[in-house]
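Novice: what's the 3D shape of this:
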Amino acid sequence: TMGKYDFTTLPNRFGHHTYKWKEAEEDRDVLPAWIADMDFEVLPEIQQAVHDYADQLVYGYTYASEELINVVLAWERNEHGYTFDKAALVFIEGVVPAISTAIQAFTQEGDAVLINTPVYPPFARSVKLNHRKLITNSLIEQDGLFQIDFEQLERDIVDNEVKIYVLCNPHNPGGRVWEEEVLEKIGRLCQKYGVLVVSDEIHQDLTLFGHKHQSFNTVSPDFKDFSLILASATKTFNIAGTKNSYAVIENPSLRQQFQKRQLANNQHEISGLGFLATEAAYRYGKAWLTELKAVLEENIDFVVDYFAKEAPRLRVMKPQGTYLVWLDFSAYGLTDEQLFHLLREEAKVVLNRGSDFGQEGKGHARLNTAAPKNMIKEICRRIAAVLPK
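Specialist: Take a look at the predicted model:
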C-alpha cells in the first residue's frame, strides 16, 4: 500500500556525525542495526519547523509555549487516555537525564534502586554512577514473552529496602507492553513498601500488533502519589538529536523536589529546537505515525518469518511494541566473543550486545528494524549466512 509518506528511501546518514552509522563511515560495507534511531525521513512538518527556526536569525534562550504545552496535553489525552493538569508537566532534555535527576532527588548514596533485567543499559549505569545500590530483578521468559516473577520482586524490594523502581514500559529490549494487571500488581507492591516508581514510557507511541499502552498513572488514581512518568516525542518521531522530553509528576511535593534537583544540575533549560520539533511532531504527526507502525509491523513479521526459515535455532522474541527485536543466539553454543566477531567481521552487521542489558543478555543481541525493508532484508540475510548450519 502506498501511503502519503516515504518509508522506502534510505536517507543519507554519512557526513553528519551520526552515531548509528559511525562504524559504517570507516567501512562502507557495514550495515548498522543497533542504536535506537530510525533510518526513515522525518515528518515534513518537523523538517519545516527546523527550516523556520533557521530563519529566526537569533537562536537564544526559549521557554515552553502555551501551544507546546497544549499539544503535549492533547497528545497524552488522545493517544493514551491520560489527562493531567498542566502544572504536572516538567520539560527536561531527555528521559535518561530525568532518571538520574530522580535518583538524585529521591535517594541517598547507598540506597537501593531496582530495575528489571535485561533492560536498556543506561538504567544500570545511572544507578551505579550515582553510587546507589543496584538491584536487578530478572524477567522470566514464558511463551516468547517476558514476565515478572512477583514473588521474587517482593523479596527483592523487602530484602534490599528498595527506594526507587525504574520501570520500562513498553520494555526495551523485549518489546513488552505491560498489561494493566501487571502494572496494577507492581503499583500495589510499591505502595505497600513505600517505593517510588519512575516509569520510562518513551516507547509508548510505538505499540504494535493491536497492543495498547497503558500509562502507569492511568491504572489507579492513587498511583499518582508515588510516581514519575517519563515520555518524549523523540523516539516516536526520530528527533532524538533535538533534545527534549518531559516528566509528568502529579504529586506536587515530588515535583518540587525533582525540579529543585533539576535546577541544582542546571538541567532546567531545553533546546529551542527541541521545543519546536516536539510541538510539530505532536501537532502534525498522527498520520505519519500510523503509517510508520504498519511499516514496522511488516519489517518485524519479515524478521520473524525469515529467521524461522533460514536460521531456525535463532530464537526471536516478537515485540508487542518498539521497533527493537531481542535475538537469542544461545542455541548455537558460541561465546559472546565468537558471536559478535561473526556478526561484526563476517556479516558486517552491527547489533547491540545483549550482555550490555544485563547478565541475562549473554548470547543475545538487539536488532533495530526501523529502516527501509530492503535494508532489513539484507541485514537478516547476512546474519543467517554466517551462523553455523
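Novice: My read is that residue 74 contacts residue 282, right?
Specialist: Yes - counting by CB atoms under 8 Å, residue 74 sits close enough to residue 282 to count as a contact (7.3 Å). No exception for glycine: its C-beta is placed from N, CA and C like everyone else's.
Novice: quick one: strands adjacent to the helix or strand harbouring residue 365?
Specialist: Residue 365 belongs to strand 364-368 when assigned by DSSP states H and E. Neighbouring strands of strand 364-368 in its sheet, by DSSP bridges, are strand 324-328 (antiparallel), strand 352-353 (antiparallel).
Novice: quick one: contacts for residue 155?
Specialist: Contacts were defined as CB atoms under 8 Å, 6 or more residues apart in numbering; by that measure residue 155 touches no other residue.
Novice: helix, strand or coil for it?
Specialist: Classification of residue 155 using DSSP: H, G, I helix; E, B strand; the rest coil returns helix.
Novice: Show the pLDDT at it.
Specialist: At residue 155 the predicted local distance difference test score is 98.
Novice: Same question for residue 2.
Specialist: In this prediction residue 2 is given a pLDDT of 66.
Novice: So which of residue 74 and residue 282 has more stuff around it?
Specialist: A count of neighbours by other CB atoms under 10 Å puts residue 282 above the other of residue 74 and residue 282, at 24 against 13.
Novice: follow-up on the earlier one: of the strands paired with strand 364-368, which stretch is the most buried?
Specialist: Relative to the other members of the strands paired with strand 364-368, strand 324-328 carries the highest mean neighbour count by mean count of other CB atoms under 10 Å, namely a mean of 24.
Novice: so who does residue 77 touch?
Specialist: residue 83.
Novice: Checking it next. Helix, strand or coil?
Specialist: Using three-state DSSP as the criterion, the local structure at residue 77 reads helix.
Novice: Would you mind stating the distance between it and residue 85?
Specialist: From residue 77 across to residue 85, the span is 12 Å (CB to CB, to the nearest Å).
Novice: before we move on, what about residue 6?
Specialist: Taking CB to CB as the criterion, residue 6 is separated from residue 85 by 39 Å.
Novice: Please apply the same query to residue 210.
Specialist: Remark: distance between residue 210 and residue 85 (CB to CB) = 31 Å.
Novice: about what we covered before: name the residues that touch the strand holding residue 365?
Specialist: The set of residues that contact strand 364-368 without belonging to it, under CB under 8 Å, 6+ apart, is 32-36, 38, 118, 173, 303, 323-330, 339-340, 343, 351-355, 357, 379.
Novice: Now the next helix or strand along the chain from that strand: buried residues?
Specialist: Counting by DSSP H and E, the element after strand 364-368 in chain order, helix or strand, is helix 373-386. By neighbour count with 16 or more other CB atoms under 10 Å, helix 373-386 contains the buried residues 375-376, 379-380, 382-384, 386.
Novice: same question, stretch 108-118
Specialist: Neighbour-count burial for stretch 108-118, counted by 16+ other CB under 10 Å, picks out 111-118.
Novice: about what we covered before: out of the buried residues of helix 373-386, who's nearest residue 220?
Specialist: residue 376 (39.4 Å; CB to CB).
Novice: Residue 6 and residue 85: which is more packed in?
Specialist: Counting neighbours by other CB under 10 Å for residue 6 and for residue 85 shows that residue 6 has the greater number, 13 against 10.
Novice: ranges for the helices of this protein?
Specialist: For the chain, applying DSSP state H gives helices covering 22-26, 44-54, 66-80, 95-106, 122-129, 150-160, 180-193, 252-264, 272-284, 286-310, 336-341, 373-386.
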